[in-house]
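> following is a predicted model, sequence given first.
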Amino acid sequence: MSTVEVFVDLAFAFAFIQVTALMSDDFTSHGMLNAMLVLTLLWWTWSVYAWLGNNLQARTGLIRIALLAVAMITFVMAVVARQAFTDLPGAAISGPLVFVACFVVIRLVHLALRWHAVPGTRPHTALLVAAPVFIASILLFAAAIVPQRLFHDPGMVKGSQTGLWVLAIGIDYGHSLLMRSWGWHVVSARHWAERHGLIVLVAFGESLIAVGLTSSRVPMSGPLVAATAFAVVIAAALAWTYFDVVAIAAEHTLILKPVQRRLAAARDAYTYLHLPMIAGIMLLALGLAKVVAIIQHNELHRASVPLAGLGLYALYGGVSLFLLSHVGFQLRITRLFRRTIWPRLIAAALLAGIIPIANRFPAVAALGLLAAICVGLVITEVILAGGQRKELREAAVAGTLWPKRPTRP
């Protein structure tokens, strides 16, 4: 993986923070839906460059310069993400228009690099690839301009904006299921798996940064110390479930697949199924921030307030979504370690089932219960995997698990 790709990922790290902030700004079901749409658009933007980086040498020449420019535009896009639907008071430039303009420029650069990467591409093929980007861009520009001029009811404005975004994203995502790869292959399975593993780590880091930034403004207390410790435990436990054996097994399986058969598996397991994983982590980050906010309220008013409503659903539901998505990822990519699937399914069901009970607990207690379930899941998986887990990890450390890494162009 090149340093310029890591640099691009750093811009997306800030974008993830902004998604959590967007949910906090409009802490309603509709506001959370809009934030998930922003995340979906950001994820697709990241994904097309992940495909590009796997097929091209990103360390030198035109590709390196283009990716640095993309990192700059992505950072601007992340800055304005909290205004992707509505301007802040006093804005001199339309935030929704800036956000969509950044998206369009990033995708146009990608199309140009993609044309450059696949010599001999026929014009009609390039047109078929560019058409959904063009249509999605028109719909997003319409969402930024039209509803405010067409409707006076704020509810109608919000509903029409969301509808146009859903349509635009559906066209952009759905097209990849129908269109051929246009010369794309997973040239390096190790690079592909490492790149997605890094962005998952970035998302977990964002969840800790979110709770850390919120906690830094709260007077220190015992509940705050406990909440921050529980946050780290939960993030570490979920990262363990991703990286301990399944990520290794998935990478191994992808490497062993013939190059011609990697495309669909890589698209389904990584491009598509990693999105709900990232969304689950963003919801977890929101729930953690709400717990800290409640701790601050408790210190001011000397009252024990539970984490209820959307905050609790974000906290427990985010972890459940991550676990269920990870099960889908494992089922799609590898047949190894199937015995670890049932503990994750049981944990996800347990989290959904105890929400009515956790709704009555103080916020820190609800967070501690979640941490205990996550730690219990890790211990259960380690016991069930047994010697097979040890053999796989030792082979990975020794470098005997994979064949020689193929030379990338």
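All right, it came through fine.
> any stretches of the stretch 201-350 of the chain with poor pLDDT?
Residues of the stretch 201-350 of the chain meeting the criterion pLDDT under 70: 299-304, 336.
> state the next helix or strand along the chain beyond whichever strand or helix holds V202.
Element membership for V202, per DSSP states H and E: helix 189-215. Sequence-wise, the next helix or strand downstream of helix 189-215 (DSSP H and E) is helix 222-243.
> so who does A143 touch?
Applying Cβ atoms under 8 Å, 6 or more residues apart in numbering to A143 gives the contacts 85, 96, 100, 160-161, 164-165, 168. Quick note: C-beta positions are derived from backbone N, CA and C, even for glycine.
> ok, for it, nearest residue in space, not its chain neighbours?
Distances taken as Cβ to Cβ, 6 or more residues apart in numbering place L164 nearest to A143, at 3.8 Å, with adjacent residues excluded.
> I'd say that neighbour and S137 touch.
No: between L164 and S137 there is no contact under Cβ atoms under 8 Å: 11.5 Å.
> quickly find the element holding the nearest residue to K158 once chain neighbours are set aside.
Nearest residue to K158, sequence neighbours excluded (Cβ to Cβ, 6+ apart): H30, at 6.3 Å. For H30, the element it lies in under DSSP H and E is helix 29-55.
> chain center to that helix, what's the gap?
Centroid separation between helix 29-55 and its chain, computed with Cα atoms, centre = their mean, to the nearest Å, is 7 Å.
> tell me the helix or strand right after it.
helix 61-79.
> only C-alpha atoms, please: export that next one in CSV.
Below are the C-alpha coordinates for helix 61-79, written out as CSV (Å, rounded to 0.1, in the frame of the first residue of the first chain):
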residue,chain,number,x,y,z
GLY,A,61,3.7,10.0,-11.9
LEU,A,62,0.2,11.2,-12.8
ILE,A,63,-1.6,8.8,-10.4
ARG,A,64,0.2,10.1,-7.4
ILE,A,65,-0.5,13.8,-8.3
ALA,A,66,-4.1,13.0,-9.0
LEU,A,67,-4.6,11.2,-5.7
LEU,A,68,-3.1,14.1,-3.8
ALA,A,69,-5.6,16.4,-5.5
VAL,A,70,-8.4,14.0,-4.6
ALA,A,71,-7.3,14.0,-1.0
MET,A,72,-7.5,17.8,-1.0
ILE,A,73,-11.0,17.8,-2.6
THR,A,74,-12.1,15.0,-0.2
PHE,A,75,-11.1,17.1,2.8
VAL,A,76,-13.1,20.0,1.5
MET,A,77,-16.0,17.7,1.0
ALA,A,78,-15.6,16.4,4.5
VAL,A,79,-15.5,19.9,5.9
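> quick one: what helix or strand has the spatially most central residue of the chain in it?
In the chain, the C-alpha nearest the mean C-alpha coordinate belongs to I278, at 2.8 Å (Cα atoms, centre = their mean). Per DSSP H and E, I278 falls inside helix 274-301.
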